[in-house]
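Trainee: The following block contains a protein sequence and its predicted model.
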Amino acid sequence: MASCSEDDLTCPTCMGIFNNPVLLSCGHSSCFECLQRWWREKRAQVCPVCRAKCTSANPPRNLALKNLCEAFVLEQGKKVNPRELREKLTALRLKLDTLRGVKDGYRKISEHVKVQAKATERQIKKQFKMLHRFLEEEEEARVADLREEEERKSQRLRELVENLSREMASLSEIVRSTEEALSEGNVSGLKCKAAIDKVARDPNLQDDPGECQLLDVAKHVGSLSYKIWQKMLRVVRYYPVVLDPNTAGNLLSLSEDLTAFKEGEDQRLPDTRNRLSFLSVLASEGYSLGKHSWDVQVGESKCWGVGVIEKDKPDKKLEEGDSWRLVNGFFGLVALGPDYEGVAIPGWSGQEVTRIRLELDFARGSLALTDLESHMLIHEFRHRFRGKVFPYFYNWDQNYIRMLPKRLAYSPRASGGSDGN
(Lines give C-alpha, C1' and ligand atoms only; values in the text may rest on other atoms or scores of the structure.)
Protein backbone atom coordinates (compact mmCIF):
# COMPACT_ATOMS: atom_id res chain seq x y z
CA MET A 1 0.00 0.00 0.00
CA ALA A 2 2.91 2.29 0.64
CA SER A 3 3.76 2.29 -3.12
CA CYS A 4 0.20 3.24 -4.19
CA SER A 5 -0.44 6.84 -5.05
CA GLU A 6 -3.75 8.65 -5.11
CA ASP A 7 -3.76 8.41 -8.94
CA ASP A 8 -3.60 4.61 -8.76
CA LEU A 9 -6.69 4.59 -6.57
CA THR A 10 -8.70 7.10 -8.62
CA CYS A 11 -11.76 6.05 -10.63
CA PRO A 12 -11.37 7.09 -14.33
CA THR A 13 -15.04 8.05 -14.48
CA CYS A 14 -15.76 10.13 -11.35
CA MET A 15 -12.10 11.01 -10.69
CA GLY A 16 -12.60 10.14 -7.02
CA ILE A 17 -11.24 7.36 -4.87
CA PHE A 18 -12.80 4.05 -5.92
CA ASN A 19 -16.06 3.23 -4.17
CA ASN A 20 -17.13 -0.41 -4.38
CA PRO A 21 -14.82 -1.07 -7.36
CA VAL A 22 -15.42 -3.88 -9.90
CA LEU A 23 -12.86 -5.61 -12.17
CA LEU A 24 -13.58 -5.67 -15.93
CA SER A 25 -12.48 -8.44 -18.32
CA CYS A 26 -9.90 -6.09 -19.88
CA GLY A 27 -8.17 -5.67 -16.50
CA HIS A 28 -9.33 -2.09 -15.76
CA SER A 29 -11.39 -1.19 -12.72
CA SER A 30 -14.26 1.23 -12.09
CA CYS A 31 -16.73 2.15 -9.39
CA PHE A 32 -19.76 -0.05 -9.73
CA GLU A 33 -22.18 2.92 -9.84
CA CYS A 34 -19.93 4.83 -12.27
CA LEU A 35 -19.75 1.82 -14.59
CA GLN A 36 -23.52 1.34 -14.64
CA ARG A 37 -24.08 5.04 -15.37
CA TRP A 38 -21.42 4.91 -18.15
CA TRP A 39 -23.10 1.94 -19.79
CA ARG A 40 -26.53 3.61 -19.67
CA GLU A 41 -25.18 6.77 -21.27
CA LYS A 42 -23.17 4.94 -23.99
CA ARG A 43 -25.74 2.19 -24.47
CA ALA A 44 -22.90 -0.27 -24.74
CA GLN A 45 -21.05 -2.52 -22.30
CA VAL A 46 -17.54 -1.22 -22.93
CA CYS A 47 -14.63 -0.29 -20.68
CA PRO A 48 -14.55 3.45 -19.79
CA VAL A 49 -10.75 3.39 -20.22
CA CYS A 50 -9.91 1.24 -23.27
CA ARG A 51 -13.39 0.90 -24.79
CA ALA A 52 -12.97 -2.92 -24.87
CA LYS A 53 -16.16 -4.88 -24.84
CA CYS A 54 -17.04 -6.35 -21.46
CA THR A 55 -18.00 -9.98 -21.51
CA SER A 56 -20.14 -9.84 -18.36
CA ALA A 57 -22.98 -7.49 -17.44
CA ASN A 58 -22.22 -8.09 -13.76
CA PRO A 59 -18.40 -7.85 -13.37
CA PRO A 60 -16.88 -9.21 -10.13
CA ARG A 61 -15.95 -6.92 -7.21
CA ASN A 62 -12.30 -5.96 -6.94
CA LEU A 63 -11.85 -6.69 -3.24
CA ALA A 64 -8.10 -6.08 -3.21
CA LEU A 65 -8.58 -2.63 -4.72
CA LYS A 66 -11.46 -1.94 -2.33
CA ASN A 67 -9.25 -2.74 0.66
CA LEU A 68 -6.46 -0.53 -0.69
CA CYS A 69 -8.88 2.37 -1.19
CA GLU A 70 -10.35 2.05 2.28
CA ALA A 71 -6.88 1.90 3.82
CA PHE A 72 -5.83 4.95 1.79
CA VAL A 73 -8.88 6.94 2.88
CA LEU A 74 -8.25 5.96 6.50
CA GLU A 75 -4.61 7.02 6.25
CA GLN A 76 -5.55 10.31 4.61
CA GLY A 77 -7.98 10.96 7.44
CA LYS A 78 -5.08 10.81 9.87
CA LYS A 79 -3.08 13.37 7.91
CA VAL A 80 -3.49 17.12 8.44
CA ASN A 81 -5.20 19.07 5.71
CA PRO A 82 -3.28 22.40 5.44
CA ARG A 83 -6.36 24.30 4.31
CA GLU A 84 -8.47 22.91 7.11
CA LEU A 85 -5.67 23.61 9.57
CA ARG A 86 -5.43 27.23 8.38
CA GLU A 87 -9.17 27.63 8.85
CA LYS A 88 -8.98 26.24 12.37
CA LEU A 89 -6.01 28.45 13.12
CA THR A 90 -7.95 31.51 11.97
CA ALA A 91 -10.89 30.53 14.19
CA LEU A 92 -8.50 29.98 17.09
CA ARG A 93 -6.95 33.41 16.58
CA LEU A 94 -10.40 34.99 16.52
CA LYS A 95 -11.26 33.23 19.76
CA LEU A 96 -7.97 34.38 21.27
CA ASP A 97 -8.72 37.97 20.23
CA THR A 98 -12.17 37.67 21.76
CA LEU A 99 -10.77 36.34 25.03
CA ARG A 100 -8.14 39.08 25.01
CA GLY A 101 -10.92 41.65 24.61
CA VAL A 102 -12.93 40.09 27.43
CA LYS A 103 -9.85 40.07 29.66
CA ASP A 104 -9.17 43.71 28.85
CA GLY A 105 -12.81 44.49 29.64
CA TYR A 106 -12.54 42.79 33.03
CA ARG A 107 -9.32 44.71 33.72
CA LYS A 108 -11.08 48.00 32.96
CA ILE A 109 -14.01 47.00 35.15
CA SER A 110 -11.60 46.12 37.98
CA GLU A 111 -9.96 49.53 37.72
CA HIS A 112 -13.37 51.21 37.63
CA VAL A 113 -14.49 49.26 40.70
CA LYS A 114 -11.54 50.71 42.63
CA VAL A 115 -12.49 54.21 41.53
CA GLN A 116 -16.11 53.56 42.49
CA ALA A 117 -15.07 52.23 45.91
CA LYS A 118 -13.05 55.35 46.73
CA ALA A 119 -15.79 57.70 45.55
CA THR A 120 -18.50 55.75 47.38
CA GLU A 121 -16.46 55.64 50.59
CA ARG A 122 -15.99 59.39 50.35
CA GLN A 123 -19.74 59.87 49.95
CA ILE A 124 -20.54 57.55 52.87
CA LYS A 125 -18.17 59.47 55.13
CA LYS A 126 -19.61 62.76 53.93
CA GLN A 127 -23.17 61.64 54.69
CA PHE A 128 -22.25 60.31 58.13
CA LYS A 129 -20.26 63.45 58.87
CA MET A 130 -23.40 65.44 58.19
CA LEU A 131 -25.42 63.14 60.46
CA HIS A 132 -22.75 63.31 63.15
CA ARG A 133 -22.80 67.10 62.96
CA PHE A 134 -26.59 67.11 63.28
CA LEU A 135 -26.44 64.78 66.30
CA GLU A 136 -23.63 66.76 67.92
CA GLU A 137 -25.54 70.02 67.49
CA GLU A 138 -28.67 68.40 68.85
CA GLU A 139 -26.71 66.99 71.79
CA GLU A 140 -25.21 70.40 72.56
CA ALA A 141 -28.62 72.07 72.36
CA ARG A 142 -30.24 69.55 74.71
CA VAL A 143 -27.36 69.67 77.20
CA ALA A 144 -27.55 73.47 77.13
CA ASP A 145 -31.30 73.28 77.77
CA LEU A 146 -30.68 70.93 80.70
CA ARG A 147 -28.03 73.24 82.18
CA GLU A 148 -30.29 76.26 81.72
CA GLU A 149 -33.05 74.51 83.67
CA GLU A 150 -30.55 73.44 86.32
CA GLU A 151 -29.24 77.01 86.70
CA ARG A 152 -32.73 78.48 86.78
CA LYS A 153 -33.97 76.11 89.44
CA SER A 154 -30.74 76.33 91.44
CA GLN A 155 -31.05 80.12 91.41
CA ARG A 156 -34.65 79.89 92.60
CA LEU A 157 -33.64 77.50 95.39
CA ARG A 158 -30.85 79.89 96.45
CA GLU A 159 -33.40 82.71 96.64
CA LEU A 160 -35.72 80.55 98.72
CA VAL A 161 -32.89 79.63 101.07
CA GLU A 162 -31.95 83.30 101.50
CA ASN A 163 -35.57 84.28 102.22
CA LEU A 164 -35.86 81.47 104.73
CA SER A 165 -32.60 82.54 106.37
CA ARG A 166 -33.92 86.12 106.78
CA GLU A 167 -37.22 84.83 108.13
CA MET A 168 -35.46 82.50 110.53
CA ALA A 169 -33.24 85.34 111.75
CA SER A 170 -36.31 87.53 112.39
CA LEU A 171 -38.05 84.73 114.26
CA SER A 172 -34.93 84.02 116.26
CA GLU A 173 -34.77 87.68 117.36
CA ILE A 174 -38.44 87.62 118.43
CA VAL A 175 -37.84 84.40 120.35
CA ARG A 176 -34.78 85.88 122.11
CA SER A 177 -36.57 89.14 123.01
CA THR A 178 -39.61 87.28 124.27
CA GLU A 179 -37.53 84.96 126.43
CA GLU A 180 -35.69 87.92 127.98
CA ALA A 181 -38.95 89.74 128.71
CA LEU A 182 -40.42 86.68 130.39
CA SER A 183 -37.33 86.14 132.53
CA GLU A 184 -37.27 89.76 133.74
CA GLY A 185 -41.02 90.11 134.17
CA ASN A 186 -40.81 93.25 132.00
CA VAL A 187 -44.06 94.75 130.77
CA SER A 188 -42.38 95.18 127.38
CA GLY A 189 -43.26 91.53 126.94
CA LEU A 190 -46.54 92.86 125.61
CA LYS A 191 -44.63 94.08 122.58
CA CYS A 192 -43.16 90.65 122.15
CA LYS A 193 -46.63 89.14 122.30
CA ALA A 194 -47.77 91.50 119.57
CA ALA A 195 -44.77 90.54 117.40
CA ILE A 196 -45.50 86.84 117.91
CA ASP A 197 -49.14 87.32 117.03
CA LYS A 198 -48.14 89.20 113.85
CA VAL A 199 -45.81 86.41 112.72
CA ALA A 200 -48.50 83.84 113.43
CA ARG A 201 -50.95 85.76 111.24
CA ASP A 202 -48.46 86.03 108.30
CA PRO A 203 -48.56 83.15 105.80
CA ASN A 204 -45.74 80.66 105.94
CA LEU A 205 -42.92 81.36 103.51
CA GLN A 206 -43.14 78.80 100.75
CA ASP A 207 -42.48 78.33 97.07
CA ASP A 208 -45.02 78.71 94.30
CA PRO A 209 -47.11 75.54 94.65
CA GLY A 210 -47.40 75.34 90.83
CA GLU A 211 -43.64 75.01 90.29
CA CYS A 212 -41.63 71.82 90.86
CA GLN A 213 -38.15 72.42 92.25
CA LEU A 214 -36.75 69.20 90.76
CA LEU A 215 -35.43 68.85 87.22
CA ASP A 216 -37.85 67.63 84.53
CA VAL A 217 -35.73 64.56 83.76
CA ALA A 218 -38.41 62.92 81.64
CA LYS A 219 -38.48 65.94 79.33
CA HIS A 220 -34.76 65.63 78.66
CA VAL A 221 -34.24 61.87 78.31
CA GLY A 222 -37.70 60.37 77.83
CA SER A 223 -37.92 58.77 74.32
CA LEU A 224 -34.88 60.82 73.40
CA SER A 225 -33.91 58.74 70.35
CA TYR A 226 -37.47 58.86 69.08
CA LYS A 227 -37.64 62.63 69.43
CA ILE A 228 -34.35 63.01 67.59
CA TRP A 229 -35.67 60.78 64.82
CA GLN A 230 -38.80 62.93 64.55
CA LYS A 231 -36.64 66.01 64.16
CA MET A 232 -34.48 64.23 61.58
CA LEU A 233 -37.55 63.75 59.40
CA ARG A 234 -37.68 67.52 58.98
CA VAL A 235 -33.98 67.72 58.12
CA VAL A 236 -33.08 64.74 55.91
CA ARG A 237 -34.16 64.46 52.29
CA TYR A 238 -35.80 61.41 50.78
CA TYR A 239 -35.60 60.78 47.04
CA PRO A 240 -38.00 58.10 45.74
CA VAL A 241 -35.72 57.77 42.70
CA VAL A 242 -31.92 57.83 42.65
CA LEU A 243 -29.79 57.22 39.57
CA ASP A 244 -27.79 54.07 38.84
CA PRO A 245 -24.26 55.05 37.72
CA ASN A 246 -23.73 51.53 36.33
CA THR A 247 -26.30 52.31 33.61
CA ALA A 248 -25.16 55.88 32.85
CA GLY A 249 -23.86 56.64 29.37
CA ASN A 250 -20.25 57.67 28.88
CA LEU A 251 -21.12 61.32 28.26
CA LEU A 252 -23.17 61.85 31.41
CA SER A 253 -21.91 63.55 34.55
CA LEU A 254 -23.78 62.48 37.73
CA SER A 255 -23.87 64.37 41.02
CA GLU A 256 -22.25 62.72 44.04
CA ASP A 257 -25.61 61.99 45.69
CA LEU A 258 -26.92 60.44 42.42
CA THR A 259 -29.91 62.81 42.18
CA ALA A 260 -28.83 65.02 39.25
CA PHE A 261 -27.07 64.64 35.90
CA LYS A 262 -25.99 66.62 32.86
CA GLU A 263 -23.96 66.28 29.69
CA GLY A 264 -20.24 66.02 30.45
CA GLU A 265 -16.93 64.79 29.11
CA ASP A 266 -16.39 61.26 27.81
CA GLN A 267 -15.53 59.19 30.89
CA ARG A 268 -14.72 55.98 28.96
CA LEU A 269 -16.70 53.84 31.33
CA PRO A 270 -16.52 50.02 31.07
CA ASP A 271 -19.07 48.67 28.58
CA THR A 272 -21.24 46.39 30.71
CA ARG A 273 -24.55 44.73 29.88
CA ASN A 274 -26.74 47.41 31.48
CA ARG A 275 -24.77 50.39 30.14
CA LEU A 276 -27.00 52.68 28.07
CA SER A 277 -25.99 54.96 25.23
CA PHE A 278 -24.06 58.19 25.64
CA LEU A 279 -26.59 60.47 27.38
CA SER A 280 -29.07 58.14 29.12
CA VAL A 281 -29.38 56.68 32.61
CA LEU A 282 -31.81 54.53 34.62
CA ALA A 283 -33.01 54.67 38.20
CA SER A 284 -31.34 52.28 40.63
CA GLU A 285 -34.57 50.38 41.35
CA GLY A 286 -37.35 49.05 39.15
CA TYR A 287 -41.00 48.28 39.86
CA SER A 288 -42.95 45.10 39.17
CA LEU A 289 -46.21 45.96 40.97
CA GLY A 290 -48.09 48.77 42.72
CA LYS A 291 -48.32 52.52 42.17
CA HIS A 292 -45.27 54.79 42.14
CA SER A 293 -44.58 58.44 41.46
CA TRP A 294 -41.48 60.61 41.17
CA ASP A 295 -40.87 64.26 40.34
CA VAL A 296 -38.22 65.56 37.96
CA GLN A 297 -36.96 69.08 37.49
CA VAL A 298 -35.76 69.46 33.91
CA GLY A 299 -35.00 73.10 34.59
CA GLU A 300 -33.29 74.93 31.75
CA SER A 301 -32.30 71.84 29.77
CA LYS A 302 -33.37 72.18 26.14
CA CYS A 303 -33.07 68.55 25.10
CA TRP A 304 -34.25 65.98 27.63
CA GLY A 305 -36.31 62.83 27.95
CA VAL A 306 -38.13 61.25 30.91
CA GLY A 307 -40.15 58.05 31.08
CA VAL A 308 -39.78 54.33 31.78
CA ILE A 309 -38.19 51.31 30.15
CA GLU A 310 -39.30 47.69 30.59
CA LYS A 311 -36.97 44.79 31.24
CA ASP A 312 -39.10 41.70 30.71
CA LYS A 313 -36.16 39.27 31.10
CA PRO A 314 -33.37 39.49 33.71
CA ASP A 315 -30.63 38.84 31.15
CA LYS A 316 -32.09 41.11 28.48
CA LYS A 317 -29.94 43.98 27.22
CA LEU A 318 -31.99 47.14 27.42
CA GLU A 319 -32.82 48.92 24.18
CA GLU A 320 -33.78 52.56 24.53
CA GLY A 321 -36.20 52.22 21.63
CA ASP A 322 -38.30 49.95 23.86
CA SER A 323 -39.06 52.82 26.26
CA TRP A 324 -42.08 55.04 26.84
CA ARG A 325 -40.91 58.59 27.30
CA LEU A 326 -41.68 62.26 26.91
CA VAL A 327 -38.96 64.25 25.20
CA ASN A 328 -38.36 67.94 24.72
CA GLY A 329 -36.20 68.60 21.69
CA PHE A 330 -35.77 71.75 19.72
CA PHE A 331 -39.33 71.49 18.44
CA GLY A 332 -41.32 71.07 21.63
CA LEU A 333 -42.77 68.20 23.61
CA VAL A 334 -43.12 64.81 21.93
CA ALA A 335 -44.32 61.43 23.25
CA LEU A 336 -42.37 58.36 22.14
CA GLY A 337 -43.07 54.67 22.58
CA PRO A 338 -41.80 51.38 21.14
CA ASP A 339 -45.00 50.86 19.14
CA TYR A 340 -45.16 54.26 17.45
CA GLU A 341 -42.97 57.13 16.43
CA GLY A 342 -42.97 60.58 17.99
CA VAL A 343 -46.37 62.16 18.56
CA ALA A 344 -46.52 65.90 19.20
CA ILE A 345 -48.49 66.85 22.32
CA PRO A 346 -51.46 69.02 21.29
CA GLY A 347 -51.45 72.43 22.91
CA TRP A 348 -47.93 72.13 24.32
CA SER A 349 -45.85 73.33 21.38
CA GLY A 350 -43.48 76.01 22.58
CA GLN A 351 -44.84 75.93 26.15
CA GLU A 352 -42.07 75.67 28.71
CA VAL A 353 -42.15 72.77 31.16
CA THR A 354 -39.68 72.79 34.06
CA ARG A 355 -41.04 70.27 36.57
CA ILE A 356 -42.79 66.99 35.75
CA ARG A 357 -44.48 64.36 37.87
CA LEU A 358 -44.46 60.79 36.55
CA GLU A 359 -47.05 58.37 37.94
CA LEU A 360 -46.78 54.67 37.18
CA ASP A 361 -49.75 52.38 37.80
CA PHE A 362 -48.40 48.89 37.15
CA ALA A 363 -51.69 47.02 37.47
CA ARG A 364 -53.58 49.49 35.29
CA GLY A 365 -50.75 49.63 32.81
CA SER A 366 -50.38 53.39 32.62
CA LEU A 367 -47.73 56.07 32.86
CA ALA A 368 -49.06 59.60 33.33
CA LEU A 369 -46.91 62.74 33.03
CA THR A 370 -48.16 65.95 34.64
CA ASP A 371 -46.86 69.52 34.60
CA LEU A 372 -46.26 70.37 38.26
CA GLU A 373 -46.59 74.10 37.62
CA SER A 374 -50.04 74.04 36.02
CA HIS A 375 -51.11 70.58 37.34
CA MET A 376 -52.24 69.73 33.82
CA LEU A 377 -51.87 66.25 32.33
CA ILE A 378 -49.29 66.35 29.54
CA HIS A 379 -49.62 62.80 28.24
CA GLU A 380 -50.55 59.27 29.33
CA PHE A 381 -49.10 56.04 27.96
CA ARG A 382 -51.11 52.83 28.16
CA HIS A 383 -49.32 49.47 28.07
CA ARG A 384 -49.68 46.14 29.86
CA PHE A 385 -46.31 45.78 31.57
CA ARG A 386 -45.05 42.25 32.14
CA GLY A 387 -41.46 42.75 33.29
CA LYS A 388 -39.69 45.11 35.64
CA VAL A 389 -40.15 48.79 34.85
CA PHE A 390 -37.29 51.24 35.47
CA PRO A 391 -37.52 55.05 35.43
CA TYR A 392 -35.57 56.30 32.41
CA PHE A 393 -33.86 59.69 31.82
CA TYR A 394 -32.01 61.46 29.01
CA ASN A 395 -30.19 64.80 28.91
CA TRP A 396 -28.34 66.35 25.99
CA ASP A 397 -27.59 69.62 27.73
CA GLN A 398 -25.05 71.01 30.21
CA ASN A 399 -27.82 72.19 32.53
CA TYR A 400 -28.66 69.71 35.29
CA ILE A 401 -31.79 67.59 35.42
CA ARG A 402 -32.64 66.89 39.05
CA MET A 403 -34.71 64.37 40.98
CA LEU A 404 -36.96 66.19 43.45
CA PRO A 405 -37.21 64.99 47.08
CA LYS A 406 -40.46 64.03 48.76
CA ARG A 407 -41.47 65.40 52.09
CA LEU A 408 -41.57 62.79 54.83
CA ALA A 409 -44.76 63.02 56.86
CA TYR A 410 -44.78 61.72 60.45
CA SER A 411 -47.85 59.81 61.56
CA PRO A 412 -47.92 58.46 65.15
CA ARG A 413 -50.66 55.98 64.33
CA ALA A 414 -48.88 54.74 61.20
CA SER A 415 -45.70 54.21 63.21
CA GLY A 416 -47.49 52.09 65.79
CA GLY A 417 -47.70 54.72 68.54
CA SER A 418 -49.87 53.85 71.55
CA ASP A 419 -53.03 55.83 72.22
CA GLY A 420 -52.89 54.98 75.91
CA ASN A 421 -55.67 52.40 75.86
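Mentor: On my side now, so go ahead.

Trainee: Only C-alpha atoms from now on, for both contacts and neighbour counts.
Mentor: OK.

Trainee: With adjacent residues omitted, what lies nearest to the residue nearest the centre of the chain?
Mentor: Centroid-nearest residue in the chain: Ser284, 2.2 Å away (criterion: C-alpha atoms, centre = their mean). Nearest non-adjacent residue to Ser284, counting by C-alpha to C-alpha, 6 or more residues apart in numbering: Asp244, 4.4 Å away.

Trainee: doesn't Leu282 make contact with the one you found?
Mentor: Yes - contact criterion C-alpha atoms under 8 Å: Asp244 and Leu282 qualify, at 5.8 Å.

Trainee: Which one's more surrounded, the two?
Mentor: Each of Asp244 and Leu282 has its neighbours counted (other C-alpha atoms under 10 Å); Leu282 has more, 27 against 17.

Trainee: Quickly note the distance from that one to Gly305.
Mentor: With distances taken as C-alpha to C-alpha, to the nearest Å, Leu282 is found 12 Å from Gly305.

Trainee: Now do the shared contacts for the two.
Mentor: Common contacts of Leu282 and Gly305 (C-alpha atoms under 8 Å, 6 or more residues apart in numbering): 392-393.

Trainee: Could I get the average pLDDT for the host helix or strand of Glu137?
Mentor: Assessed by DSSP states H and E, Glu137 sits inside helix 82-184. For helix 82-184, mean pLDDT is 87.

Trainee: per-residue pLDDT, the residue nearest to Ser284?
Mentor: At Asp244, pLDDT is 92.

Trainee: Next, the contact list for it, please.
Mentor: 258, 281-284.

Trainee: can we see that at 10 Å?
Mentor: Residues near Asp244 by C-alpha atoms under 10 Å, 6 or more residues apart in numbering: 254, 258-259, 274-275, 281-285.

Trainee: Quick check: neighbours shared by Asp244 and Leu282?
Mentor: Both Asp244 and Leu282 are in contact with 274-275, where contact means C-alpha under 10 Å, 6+ apart.

Trainee: quick one: Pro391 and Gly286, what's the gap?
Mentor: Counting by C-alpha to C-alpha, the separation of Pro391 from Gly286 is 7 Å.

Trainee: do Glu6 as well
Mentor: 69 Å.

Trainee: Could you check which of those two is surrounded by more residues?
Mentor: Shown here are Glu6 and Gly286; by other C-alpha under 10 Å, Gly286 has more neighbours (17 against 11).

Trainee: check contacts around the residue lying closest to that one once chain neighbours are set aside.
Mentor: Nearest residue to Gly286, sequence neighbours excluded (C-alpha to C-alpha, 6+ apart): Phe390, at 4.3 Å. Contacts for Phe390 (C-alpha under 10 Å, 6+ apart) come out as 241, 282-288, 307-311, 323.

Trainee: wait, which of those is closest to Tyr340?
Mentor: Ser323 (10.8 Å; C-alpha to C-alpha).

Trainee: Please identify which helix or strand holds the residue lying closest to the closest one once chain neighbours are set aside.
Mentor: Nearest in space to Ser323, with sequence neighbours left out and distances taken as C-alpha to C-alpha, 6+ apart, is Ile309 at 4.3 Å. According to DSSP H and E, Ile309 maps onto strand 304-311.

Trainee: name the helices or strands packed onto that strand?
Mentor: Using 3 or more C-alpha pairs under 10 Å, 6 or more residues apart in numbering; DSSP states H and E as the contact test, the elements touching strand 304-311 are strand 280-282, strand 323-329, strand 332-337, strand 355-361, strand 366-371, strand 388-395.

Trainee: Deepest in the core, which of these is it.
Mentor: Ranked by mean neighbour count, the helices and strands packed on strand 304-311 are led by strand 280-282 with a mean of 26 (mean count of other C-alpha atoms under 10 Å).
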